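Enquirer: Need a 3D model of the sequence below.
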Amino acid sequence: MKYKKGDRVRHPSKPEWGLGEVLINSNGETVKIFFVGGGEKIISLSPEYTKPEISPIDQASHPVLDNLKVSKSDSIIKYKSLASSIHYFSDQFPGEFYGARFNEEERDYKDKANKLAKEILGREEFSLLLENSDYSEIARLALKLVNKTNLISPFEKMALKDGLNNQKSKEVFAKTLNNLLYGDADLEPRFDRFIKILEDINASKWTVVSYFLFIFQPEKHMFVKPTITQYAAELCGYEISYNPQLNWKTYKAVLDFSNYLFDELSELKPRDMIDIQSFMWCIAPKI
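Expert: Okay, here's the model as predicted:
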């Protein structure tokens, strides 16, 4: 049997490898395949060995393979099955998402920041401040939320503070942040407008652009810590199209990756993206 690049297959003798994708056309002797549960494998096509079976189209979809990132040979991050990552996470945090250590080190301070966000800049509170043109107060409260956690580095916090040093920048920031959090239009144009104001005030960092959505709406938005997010995605073989320049495509890919993890971790009962962000932080290699 010949295999062509892109074929989706399963190996009858290795069901634990799950679905795979042929990476290059087979040469008649071997075929190189990436399996979701096993990573890259070179399979012999000699008659005495069991051959991979091509999967029917209706059984050939998988979030990782549909967004596959194959690590380069010189990459410092090597693929690891999600089952292995879950095992590592469980060892680090007994009780997983509901254990005392996880709550103390990962969950509690983010929950407090989320509660504070809703109290000081909830939809009604934010709207009233805008009606009164109190842009300085909105900027002050936004910075208070940023300082509530250690998710954003001190240098990035300072850049945001310095960027909000005049009334005009505070006004534009306040209106754009409100639109990002509570606007009715599709998220993409709202996200793009927030990128623009951060660029204008020299505070365009992934941590800053993703922080407010994550803190206010952790049920559906993810915080992007560039290195950790890239490492976690590459570890899982998932392409997030990372670009250091802020852009919607990368953020959307991070959301898709986060939702994939949320679904795959269902047995651990994650509550929201706070749990998923902490899982990424735990499994990503600390290099």
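Enquirer: what about the residue nearest to the spatial centre of the chain, which SS state?
Expert: With distances taken as Cα atoms, centre = their mean, residue 254 lies nearest the centre of the chain, 3.8 Å away. Secondary structure, DSSP: H, G, I helix; E, B strand; the rest coil: residue 254 is helix.
Enquirer: Which parts of this structure are strands?
Expert: For the chain, the strands defined by DSSP state E cover 8-10, 20-22, 30-35, 39-44, 53-54.
Enquirer: on that earlier part again, can you give me the distance of the residue nearest to the centre of the chain to residue 92?
Expert: 23 Å (Cβ to Cβ, to the nearest Å). C-betas here are computed from N, CA, C, even on glycine.
Enquirer: same question, residue 128
Expert: 44 Å.
Enquirer: low-scoring stretches of the stretch 151-287 of the chain, by residue?
Expert: For the stretch 151-287 of the chain, the stretches flagged by pLDDT under 70 are 287.
Enquirer: what residues go with each domain of the chain?
Expert: Per automatic domain parsing, the domain ranges recorded for the chain read 8-62, 83-283.
Enquirer: and residue 76, which of the ones you listed is closest to it?
Expert: domain 83-283 (8.7 Å; Cβ to Cβ).
Enquirer: Kindly check the end-to-end length of the closest one for me.
Expert: 11 Å (Cα to Cα, to the nearest Å).
Enquirer: next one: stretch 33-49
Expert: Stretch 33-49 has an end-to-end distance of 15 Å (Cα to Cα).
Enquirer: in the stretch 101-250 of the chain, which spans are helices?
Expert: Taking DSSP state H, counting those that start in this stretch as the test, the helices found in the stretch 101-250 of the chain are 108-121, 123-131, 135-146, 154-163, 167-182, 187-200, 206-216, 226-235, 248-264.
Enquirer: Name the residues that touch the longest one?
Expert: In this case it means helix 248-264. With contacts defined as Cβ atoms under 8 Å, 6 or more residues apart in numbering, helix 248-264 is touched by 63-64, 67, 82, 188, 191-192, 209-210, 220-222, 224, 229, 233, 236, 238-243, 270, 273, 276-277, 279-280.
Enquirer: repeat for the fifth one
Expert: Identification of contacts with helix 167-182 by Cβ under 8 Å, 6+ apart yields 121, 123, 126-127, 129-130, 133, 135-136, 138-139, 142, 163-164, 185, 190-191, 193-194, 196-197, 200-201, 212-213, 216-217.
Enquirer: circling back to that earlier point, mind checking which of residue 128 and residue 92 has more residues around it?
Expert: residue 92 (14 against 11; other Cβ atoms under 10 Å).
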